[in-house]
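Q: Following is a predicted model, sequence given first.
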Amino acid sequence: MLYIQNYIDGGLADPLSGGWIDVHEPATGRVYAQAPASAAADVDAAVRAAQNAFPAWRSMEAEGRSRLLRRVADLIEERLEEFAQAESRDSGKPVWLARSVDIPRASRNFRFFATAILHVSSEAHQTDDIALNYTLRQPIGVAGCISPWNLPLYLFTWKIAPALAAGNCVVAKPSEITPFTAFLLSEVCMEAGLPPGVLNIVHGLGGDVGAAITAHPDIPAISFTGGTATGAAIARTAAPMFKKLSLELGGKNPTLVFADCAFEETLDTVLRSAFSNQGEICLCGSRIFVERPLYARFRDAFVSRVRDLAVGDPLEDATGQGALVSEAHMEKVLSYIALAREEGGTVLCGGERVAVEGRCAGGWFVSPAVIEGLPFTCRTNQEEIFGPVVTLMPFDTEEEALTMANGTPYGLAASVWTSDLRRAHRFAGALQMGIVWVNCWMLRDLRTPFGGVKQSGVGREGGWEALRFFTETKNVCIKL
Ligand code: NAD
């Protein structure tokens with residue numbers, strides 16, 4: 001049994017309460033680790049450590065902070081295989097995916113923000129010959145970072161790296177469902193020589209540790225990624241305390257395929273956008289709208305490719321689809337397949353629990369599902385499923401496509417597949433989303449603003465946006 005510990009004030013610590021949470025391996029359904037069931041007292045100890053570390057960390061030269069954070073990036077890279085195995089074991093994702101996407105990106109997050117702070121500048125405004133204003137962007141103090149289970153280390157570090165780079169100290173909470181790589185990150189930070197208290201990682205349940213971070217009077221900024229309902233609960237607590245809030249929430253992303261698309265390339269990427277990481281990515285395109293003249297051809301080719309996706313042991317290189325993250329999540333996904341049938345949909349393939357032989361016999365596997373015949377207004381097409389389930393819908397006009405694409409409470413990301421440049425620009429402008437991809441999907445440049453509109457969130461991460469979030473802006477006006 002692996003024992004995961006908190007990382008507070010530069011050292012590893014058991015939870016003050018003495019309580020523990022079972023951590024499961026989704027591919028086998030078995031408990032393989034215990035994580036701390038921390039509570040408000042652990043968060044308080046972490047906040048005190050962070051407050052003590054803050055004066056020295058904020059006044060360290062940018063070059064010094066940068067060097068330490070680049071060292072963290074190097075050490076993650078050196079332990080790539082160990083991190084990838086841990087991420088796969090914890091989340092059920094194929095180990096090749098963790099090795100090629102999740103862990104390299106976690107390391108890049110540190111490297112990106114560690115170098116970004118060497119290039120920051122701020123504005124000056126001269127008021128005629130009367131005065132000179134300049135803008136200071138100062139670290140906030142202790143930042144709270146709360147992240148979900150789907151891209152555990154990738155999203156955890158996407159918040160921690162800019163917060164630290166900007167000169168803040170951090171109290172962070174990974175998902176209790178996937179705590180393993182955050183624990184390995186604690187080891188890396190100790191080895192890198194990060195000063196005690198600069199980063200603190202407190203494990204535990206959302207209602208305990210997450211809520212305590214959100215409500216803590218000495219944490220003036222909260223960066224959260226997770227479900228929309230949780231985001232609303234966090235906002236209810238944080239707003240009357242006037243905390244800075246960044247909320248990256250759920251999605252129900254449309255994929256718009258026009259008859260003039262480059263067919264094979266579109267098919268390849270739409271398949272990836274639908275089922276990468278078992279569909280457990282906030283950016284996955286789960287509602288696929290296809291222009292009617294192409295509909296039947298696209299549907300048949302797509303379903304045939306989905307049937308070829310191998311569901312199986314995440315450790316095997318040939319596995320396309322690993323396990324879903326938890327038994328509860330698997331049950332939720334299966335319940336949406338049943339709902340789709342009740343709503344009149346036809347399941348063209350998948351949507352069944354899969355029994356994988358051998359060591360994975362008890363695992364939580366579901367075959368990727370493609371459903372057609374549903375209106376865009378039904379619950380299956382309105383609610384986030386966050387699993388290997390997509391719907392196909394034909395459309396006749398651009399107007400109809402746009403109405404359906406924009407017709408959910410969410411607004412995170414869309415992809416548009418067309419050879420018509422002017423149409424691409426029209427849709428880029430009219431889609432109510434934070435991110436629009438044209439003839440591509442999840443092509444990420446870390447300098448670009450990342451986030452959603454409507455119920456997909458408030459604020460943006462990435463590049464300068466993240467560094468601005470994690471700093472307080474001050475105008476200094478000097479009379480000339
Ligand atoms: P979740 O909201 O259940 O949990 C996210 C984190 O919040 C976890 O660490 C959890 O412990 C914590 N938490 C739970 N209750 C809390 C509370 N009351 N106060 C404070 N913290 C609390 O989400 P999840 O199931 O882990 O993740 C899936 C969701 O995340 C999906 O909705 C998905 O779309 C979303 N997501 C969004 C993005 C994005 O960038 N927009 C990225 C990835 C995932």
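A: Sure thing, it's come through.

Q: C-alpha coordinates for the longest helix belonging to the chain, CSV please?
A: Criterion DSSP state H: the longest helix present in the chain is helix 40-59. Output of helix 40-59 as CSV, limited to C-alpha atoms (Å, rounded to 0.1, in the frame of the first residue of the first chain):
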residue,chain,number,x,y,z
ALA,A,40,-9.3,22.9,7.9
ALA,A,41,-6.4,22.5,10.4
ASP,A,42,-4.1,21.2,7.8
VAL,A,43,-5.1,24.0,5.4
ASP,A,44,-4.4,26.5,8.2
ALA,A,45,-0.9,25.0,8.8
ALA,A,46,-0.2,25.3,5.1
VAL,A,47,-1.4,28.9,5.0
ARG,A,48,0.8,29.9,7.9
ALA,A,49,3.8,28.2,6.2
ALA,A,50,3.0,30.1,2.9
GLN,A,51,2.6,33.4,4.7
ASN,A,52,6.0,32.9,6.4
ALA,A,53,7.7,32.1,3.1
PHE,A,54,6.1,34.9,1.2
PRO,A,55,8.3,37.9,2.0
ALA,A,56,11.5,36.1,0.9
TRP,A,57,9.9,34.5,-2.1
ARG,A,58,8.4,37.7,-3.5
SER,A,59,11.6,39.7,-3.1
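
Q: For the closest residue to V458 other than its chain neighbours, give me phi and psi.
A: Nearest non-adjacent residue to V458, counting by C-beta to C-beta, 6 or more residues apart in numbering: L247, 4.7 Å away. For the C-beta atoms, the positions are set from N, CA and C on the backbone; glycine is no exception. Phi and psi for L247, reported as degrees, to the nearest 10, are phi -120, psi 120.

Q: E248: what's it in contact with?
A: F224, T225, G226, C282, F450, G451, G452, S456, G457, G459, E461 (C-beta atoms under 8 Å, 6 or more residues apart in numbering).

Q: Tell me how far F224 lies from W158.
A: F224 sits 12 Å away from W158, going by C-beta to C-beta, to the nearest Å.

Q: Oops, could you answer that again for V438 instead?
A: 24 Å.

Q: Around the ligand, pick out the residues from the stretch 51-200 of the chain.
A: Contact residues (C-beta under 6 Å from any ligand atom) of the stretch 51-200 of the chain with the ligand: I146, S147, P148, W149, N150, L155, K173, S175, E176.

Q: switch to 8 Å and redo it
A: Counting by C-beta under 8 Å from any ligand atom, the stretch 51-200 of the chain comes close to the ligand at I146, S147, P148, W149, N150, L151, L155, K173, P174, S175, E176, I177.

Q: Of the residues you listed, which is the nearest to the ligand?
A: Of all these, the ligand sits closest to P148, with 3.1 Å by C-beta to the nearest ligand atom.

Q: Pretty sure that closest one sits against G226.
A: Yes - at 4.4 Å, P148 and G226 qualify as touching, with contact defined as C-beta atoms under 8 Å.

Q: between those two, what contacts are shared?
A: What both P148 and G226 touch, as defined by C-beta under 8 Å, 6+ apart, is the set S175.

Q: Could you give the average pLDDT over the strand or helix carrying G64?
A: Taking DSSP states H and E as the definition, one finds G64 inside helix 62-78. The average of the pLDDT scores along helix 62-78 is 98.

Q: following it, which helix or strand comes up?
A: Beyond helix 62-78 toward the C-terminal end (DSSP H and E), the next one is helix 80-91.

Q: Other residues contacting that following helix?
A: Residues contacting helix 80-91 (C-beta under 8 Å, 6+ apart): 23, 25-27, 32, 76, 93-95, 97-99, 102-104, 106-107, 149-150, 152-153, 177-181, 184, 314-315, 322, 325.

Q: Which of the residues you listed fall within helices?
A: I76, V95, L97, I103, P104, A106, S107, P152, L153, F180, T181, L184.
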